[in-house]
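Engineer: 3D, please:
(2 chains)
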Protein chains: 2
Amino acid sequence: MLVGVGAIGREIARLLLKKRGVKIVGAVDSAPNKIGMDLGEAIGLKEKLGVTICGSISELNVRGDVAIHATTSFLEKAYPQIIELIEMGFNVISTCEELSYPYIVSEELSRRIDEIAKEHNVVVLGTGINPGFLMDTLVIMLTAVCQDVRRIIVERIIDAAKRRLPFQIKIGAGLSIEEFRGKISRGEITGHVGLKQSISMVADALGLRLDGIIEEPIEPIIAEGEVRSAYITVKPGFVAGLSQRAHGIIDGKPFITLVFKAYIGAQKEYDSITIDGDPPIHERIEPCVHGDAGTAAIIVNAIPKVLKSPPGLKTMKDMPIPSATLGEIKR
Amino acid sequence: MLVGVGAIGREIARLLLKKRGVKIVGAVDSAPNKIGMDLGEAIGLKEKLGVTICGSISELNVRGDVAIHATTSFLEKAYPQIIELIEMGFNVISTCEELSYPYIVSEELSRRIDEIAKEHNVVVLGTGINPGFLMDTLVIMLTAVCQDVRRIIVERIIDAAKRRLPFQIKIGAGLSIEEFRGKISRGEITGHVGLKQSISMVADALGLRLDGIIEEPIEPIIAEGEVRSAYITVKPGFVAGLSQRAHGIIDGKPFITLVFKAYIGAQKEYDSITIDGDPPIHERIEPCVHGDAGTAAIIVNAIPKVLKSPPGLKTMKDMPIPSATLGEIKR
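Structural biologist: So this is what the prediction gives:
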């Protein structure tokens, strides 16, 4: 079952249709232009799927094993939807960024999700490529070969020209510096959500006690020369994208630093993890993993693991080693 | 408890002494020059540890939670030792390469280890940096962001000049080509043990049905110019090290290929994983992870996970996401 038929929801639906052992039994989206539409049409297929998109979860009249939830980055907005899905008996796998490590947003809501999930014998997991993998789960995994770890630096550098238009708009591409600052201050540009979640998950897995997490203000990345995507041309001096940094602090110094940059014209796209440890680790995925494609993958690949997991609220660090699901998705 | 006080066993012992929450209660090694020695001396400390090295497991008169087993690469040789340790109530974490995925060596021995471990409510895990991590667990993990996987190529390239002398001897450094071929045919050089285990573990985790595994003959890597380590000088035309390749075959074609090269004078040392998938993944750790340091780390880091795991024979793909243990090792 699919809650949220936006860009990611559509990518997930298309992927689910390629897997054996899965049937999409329902779909929900609150956008007026999607309500009543057949899911097949909504995701760009020629044929209908016989699944009509409902405007709300309460209108659903279906049963199933798993609800894929892809409506929001924020826990508070996701919370009532997730509770409704749990109470209908669904395991919930969500792209909600804050849900990837929700304890730092609200202990109260996290505790309630855990309790109600256990009552209904289902699992709730927030995951995705980031948060959920590149800046947390993979970092945790790489520390396994270290006898000691003194410092961790993780970078994700994305050439936004290769992404869809909404992504480019989300990072402020094409704006003047003034417009960018205005949108940031009004919360119209939120940048990447999840750096705090990733830092907290890594710290928790490694048994580190952080003094706190410092998020630096989101900064624009200014085009030096003209740069362009298929949709947007950025003149020199205007905003090509954004840069974010967050630090997990121990003894007054950054122990974990995450750097996220997404801008049109990035010469090198990569995901890197540097561990100052014994032995030291310099790891890099280049080009960086495509966000939408990777998120759809990790969400769908989580299905068999979630179906086998004991109930409750989980984060990626609590789950078995994730892996691709190439054949049939089995219980 | 430590069974095997060779190069890896010593590195593990030194690491254990740095961790809180651990006490080494016994040590075993069959080498006559080590029997009766204090473990502290044997691992190069100035002070004694009050642990005398016994010549065999049966002489031990200690109880403990975990036995670290580091005596052999081969299941058949490890088997009676592991059974003895299980029957004494130890969880066993072993560097035995074949134990990392023992089912392909002997289903019978694997089944018996699993049964006897369950009877005694303990866990048996074979792990290490390779097999156990770089060419299997990490590969499995990276496929999690793929919607589809068509082909996997993993390389481990080691500059043997940076390793200890026994490693350099093990890969034939300094031999003539004829001497190398002779030692290979007499089994005096076995090369890296574990490529088959790694391929099988990846295939199992991804639900792939392999037609079979093909191991190419071990080939010498010939020095073009003179190359040297601190111990060995290799003249041009002589053997600098070795190259091994193995393939997991599906539909008559290699689906998984592992390439292992260790030689004196390797210009670039790296561990790389290439996944032809959606999205494609090009991952690289450079320089490659140091084998001895990394193996000691992953063995010790496995202790808290093993203590929390349900009993039986496990492989890394069955375990939770591995991670560094930075603070106290807790039950």
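Engineer: wait, A:Val66 sits on A:Ile303?
Structural biologist: Yes - in terms of C-beta atoms under 8 Å, A:Val66 counts as a neighbour of A:Ile303; the distance is 5.6 Å. C-beta: built from backbone N, CA, C; applies to glycine.
Engineer: list the residues that are in contact with both of these two.
Structural biologist: Applying C-beta atoms under 8 Å, 6 or more residues apart in numbering or on different chains, one finds that A:Val66 and A:Ile303 are jointly contacted by A:Ile93.
Engineer: show the pLDDT at the nearest residue to A:Val306 once chain neighbours are set aside.
Structural biologist: Counting by C-beta to C-beta, 6 or more residues apart in numbering or on different chains, A:Val123 is the residue found nearest to A:Val306 once chain neighbours are left out, at 4.7 Å. The score at A:Val123 is 98. That number is its pLDDT.
Engineer: likewise for A:Arg331?
Structural biologist: Taken from the predicted model, the pLDDT recorded for A:Arg331 is 64.
Engineer: any idea how far A:Arg63 is from the residue nearest to A:Val306?
Structural biologist: Computed as C-beta to C-beta, to the nearest Å, the A:Val123 to A:Arg63 distance reads 17 Å.
Engineer: more crowded one of those two?
Structural biologist: For the pair A:Val123 and A:Arg63, the greater number of neighbours falls to A:Val123 (25 against 11), based on other C-beta atoms under 10 Å in any protein chain shown.
Engineer: would you agree that one is in contact with A:Lys308?
Structural biologist: No - using C-beta under 8 Å as the test, A:Val123 is too far from A:Lys308 to be in contact (9.2 Å).
Engineer: and after the one helix or strand in chain A whose mean pLDDT sits lowest, which helix or strand comes next?
Structural biologist: The helix or strand with the lowest mean pLDDT-type score in chain A, counting by mean pLDDT, DSSP states H and E, is helix A:165-170 (a mean of 91). Proceeding C-terminally, helix A:165-170 gives way to helix A:177-185 as the next helix or strand, assigned by DSSP states H and E.
Engineer: helices or strands up against that following helix?
Structural biologist: Using 3 or more C-beta pairs under 8 Å, 6 or more residues apart in numbering or on different chains; DSSP states H and E as the contact criterion, the neighbours of helix A:177-185 among helices and strands are strand A:219-222, strand A:239-250.
Engineer: alpha carbons only: can I get it in CSV?
Structural biologist: These are the backbone C-alpha positions of helix A:177-185, laid out as CSV (Å, rounded to 0.1, in the frame of the first residue of the first chain):
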residue,chain,number,x,y,z
ILE,A,177,21.5,35.7,-2.7
GLU,A,178,18.9,38.0,-1.1
GLU,A,179,16.0,35.9,-2.3
PHE,A,180,17.8,32.8,-1.0
ARG,A,181,18.3,34.3,2.4
GLY,A,182,14.6,35.4,2.5
LYS,A,183,13.4,31.9,1.6
ILE,A,184,15.6,30.3,4.2
SER,A,185,14.4,32.7,7.0
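Engineer: all the helices of the stretch 151-300 of chain A, residue numbers only.
Structural biologist: If you assign secondary structure with DSSP state H, counting those that start in this stretch, the helices in the stretch 151-300 of chain A sit at A:165-170, A:177-185, A:195-206, A:291-308.
Engineer: and the third one, how far from the chain's centre?
Structural biologist: Translated: helix A:195-206. Remark: helix A:195-206 is offset 14 Å from the chain centroid, using C-alpha atoms, centre = their mean, to the nearest Å.
Engineer: in chain A, which residue is closest to the centre?
Structural biologist: Residue closest to the mean C-alpha point of chain A, counted by C-alpha atoms, centre = their mean, is A:Gly128 at 3.8 Å.
Engineer: now do that one against A:Lys34, distance only.
Structural biologist: Separation of A:Gly128 from A:Lys34 (C-beta to C-beta): 22 Å.
Engineer: quick one: A:Val259 and B:Gly191, what's the gap?
Structural biologist: Look at A:Val259 and B:Gly191: by C-beta to C-beta, they are 40 Å apart.
Engineer: equivalent analysis for A:Pro220, please.
Structural biologist: Here A:Pro220 is placed at a distance of 54 Å from B:Gly191 (C-beta to C-beta).
Engineer: okay, these two: which has more neighbours?
Structural biologist: Here A:Pro220 and B:Gly191 are compared on neighbour count by other C-beta under 10 Å; more neighbours surround A:Pro220, at 23 against 20.
Engineer: thought that one was touching A:Glu178?
Structural biologist: No - at 10.1 Å, A:Pro220 and A:Glu178 do not qualify as touching, with contact defined as C-beta under 8 Å.
Engineer: quick one: contacts for the nearest residue to A:Pro102 once chain neighbours are set aside?
Structural biologist: In space, A:Pro102 comes closest to A:Ser110 once its chain neighbours are excluded; the distance is 4.5 Å by C-beta to C-beta, 6+ apart. Residues in contact with A:Ser110, defined by C-beta under 8 Å, 6+ apart, are A:102-103, A:313.
Engineer: same deal with A:Asp148?
Structural biologist: Contacts were defined as C-beta under 8 Å, 6+ apart; by that measure A:Asp148 touches A:277-278, B:18, B:324, B:326.
Engineer: so which of those residues is the closest to B:Arg186?
Structural biologist: For these, the minimum distance to B:Arg186 (C-beta to C-beta) is 37.4 Å, reached by A:Asp278.
Engineer: neighbours around the closest one, how many?
Structural biologist: Close neighbours of A:Asp278, defined as other C-beta under 10 Å, add up to 18.
Engineer: what is the burial count for A:Gly21?
Structural biologist: 12.
Engineer: how much space separates it from chain B?
Structural biologist: 11 Å (C-beta to the nearest C-beta, to the nearest Å).
Engineer: wait, that residue touches A:Thr325, no?
Structural biologist: No - with the criterion set as C-beta under 8 Å, A:Gly21 and A:Thr325 do not qualify as a contacting pair; they are 9.0 Å apart.
Engineer: for chain A, give me the ranges with low pLDDT.
Structural biologist: Screening chain A residue by residue with the criterion pLDDT under 70, one finds the ranges A:331.
Engineer: where does A:Ile116 fall, secondary structure wise?
Structural biologist: Assigned by DSSP H and E, A:Ile116 falls in helix A:107-119.
Engineer: hang on, A:Gly36 in a strand?
Structural biologist: No - counting by DSSP: H, G, I helix; E, B strand; the rest coil, A:Gly36 is not part of a strand but coil.
Engineer: my guess is it contacts A:Thr52, does it?
Structural biologist: Yes - in this structure A:Gly36 lies within contact range of A:Thr52 using C-beta under 8 Å: 6.3 Å.
Engineer: more neighbours: those two, which one.
Structural biologist: In this view A:Gly36 and A:Thr52 are compared by other C-beta under 10 Å, and A:Thr52 has more residues nearby, 15 against 10.
Engineer: got the contact list for that one?
Structural biologist: With C-beta under 8 Å, 6+ apart as the criterion, the residues that contact A:Thr52 are A:27, A:36-39.
Engineer: which one of the residues you listed is nearest to B:Gly252?
Structural biologist: Distances from B:Gly252 to the contacts of A:Thr52, taken as C-beta to C-beta, are shortest for A:Leu39 (38.5 Å).
Engineer: how about the closest one: what's its closest non-neighbour residue?
Structural biologist: Distances taken as C-beta to C-beta, 6+ apart place A:Val51 nearest to A:Leu39, at 4.2 Å, with adjacent residues excluded.
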